[in-house]
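**Student:** have a look at this fold, sequence not included:
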Ligand SMILES: C[S@@+](CC[C@H](N)C(=O)[O-])C[C@H]1O[C@@H](n2cnc3c(N)ncnc32)[C@H](O)[C@@H]1O
């Protein structure tokens, strides 16, 4: 049974996501996002709630939902260990070289990874990857929960020849400088498909060739329920230049790894070959379709509970 506090924290988080999606549909995503980023009180309360939820409730409780939420980080760590330290990347490189040879495509780049592995954790909140020595972590968030996280809006960060970091704030990152970028429970915070795509395109520019983008996103439904949405994600990321190399539907979330192909056309070829009529260039989440229906809905936490809004994190250990 979830504690009262657990429920209050998760309700607050859900209400912030919902109200941001609603204001985006009213004001347009760019204006809504700008206003949201200025709302210091909301951002700080969110950071406090999220950190407490993850570090107090998820890491100390041990029912299946909480241990799975904790495992979002372990899942990413284990995959990185296999991919970089156990050289799993070579398998995917060889596969890409085989494809490029068979279609006469030039591949003139190869992987060159760092040790420790350079990891950019976007929407980090409290820096859960900090404890793993195999990483050299840069953790960023709109509103850091502690001083090991830099303040940065990933959607508006510049890309250039070097990192620009001053007074715990990052304003620019170096092009193709990260081995791995993580979006742990990030994309459902971002209110529209267009902005989610912008985040993935930015990750593409920042990750090294052959490097990876790890995405996990909550969903408690069975694997088939939102499979068309997840196939659209795969299609869209392939168009951007990422090949999906790992997918797992855990009970409460989807866990995915996308590799930046050595030649963008290899990933795009997948999109061309496997496109189904329903696939569009979009990164939707199931909750996007509720915005209009919920137009009249008050964003108080009570309403969210009473009306059983299909919200992100509904079944995750946010309650
Ligand atoms: C649900 S929390 C996830 C926190 C952490 N990654 C985890 O798995 O526990 C989402 C976080 O993403 C951050 N965030 C959302 N959009 C962002 C952006 N454009 N740039 C940086 N951080 C962002 C929020 O401030 C929030 O802390």
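**Tutor:** Received it, and whenever you're ready, just let me know what you need. As the structure is a computational prediction, the values presented were derived from the model and not from experiment.
**Student:** what about residue 180, distance to residue 225?
**Tutor:** Distance, residue 180 to residue 225, by Cβ to Cβ, to the nearest Å: 29 Å. No exception for glycine: its C-beta is placed from N, CA and C like everyone else's.
**Student:** neighbour count winner among the two?
**Tutor:** It is residue 180, of residue 180 and residue 225, that has more neighbours when counted by other Cβ atoms under 10 Å, with 26 against 13.
**Student:** hmm, who's touching the helix or strand where the more buried one lies?
**Tutor:** Using DSSP states H and E, residue 180 sits in strand 178-184. Outside strand 178-184, the residues that touch it by Cβ atoms under 8 Å, 6 or more residues apart in numbering are 72-73, 76, 80, 84, 113-114, 117-124, 128-129, 138, 199, 203, 206-208, 211-216.
**Student:** residue contacts, the residue in the stretch 1-150 of the chain positioned nearest to the ligand?
**Tutor:** The ligand sits closest to residue 123 of the stretch 1-150 of the chain, with a gap of 2.5 Å, by Cβ to the nearest ligand atom. Residue 123 makes contact with 140-142, 154, 183-186, 189, according to Cβ under 8 Å, 6+ apart.
**Student:** rerun that using 6 Å as the cut-off
**Tutor:** 141, 186 (Cβ atoms under 6 Å, 6 or more residues apart in numbering).
**Student:** relative to residue 140, how far out is it?
**Tutor:** Distance, residue 123 to residue 140, by Cβ to Cβ: 8 Å.
**Student:** what about the helices in the protein?
**Tutor:** Secondary structure of the chain (DSSP state H): helices located at 4-27, 29-38, 40-52, 64-80, 88-102, 193-206, 227-240, 264-274, 301-306.
**Student:** output those as CSV; include the columns distance to the ligand and mean pLDDT.
**Tutor:** As requested, those are arranged in CSV below (distance: least, Cβ to the nearest ligand atom, whole Å; pLDDT from 0 to 100):
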stretch, distance to the ligand, mean pLDDT
helix 4-27, 6, 92
helix 29-38, 8, 97
helix 40-52, 5, 95
helix 64-80, 6, 78
helix 88-102, 23, 95
helix 193-206, 7, 98
helix 227-240, 17, 95
helix 264-274, 24, 93
helix 301-306, 16, 32
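**Student:** tell me how far residue 186 lies from residue 213.
**Tutor:** 11 Å.
**Student:** when the two are compared, which one has more neighbours?
**Tutor:** Per other Cβ under 10 Å, whichever of residue 186 and residue 213 has more neighbours is residue 213, with 26 against 20.
**Student:** need the nearest residue in space to the more buried one, chain neighbours excluded.
**Tutor:** residue 258 (4.5 Å; Cβ to Cβ, 6 or more residues apart in numbering).
**Student:** what of residue 231?
**Tutor:** residue 279 (6.3 Å).
**Student:** ok, which residues in the stretch 151-300 of the chain are in contact with the ligand?
**Tutor:** Residues of the stretch 151-300 of the chain found near the ligand (Cβ under 6 Å from any ligand atom) are 152-155, 184-186, 189-190.
**Student:** mind running it again at 5 Å?
**Tutor:** Contact residues, the stretch 151-300 of the chain versus the ligand (Cβ under 5 Å from any ligand atom): 153-155, 184-186, 189.
**Student:** ok, of the contacts of strand 178-184, which come out buried?
**Tutor:** 72-73, 76, 80, 84, 113, 117-124, 128-129, 138, 199, 203, 206-208, 211-216 (16 or more other Cβ atoms under 10 Å).
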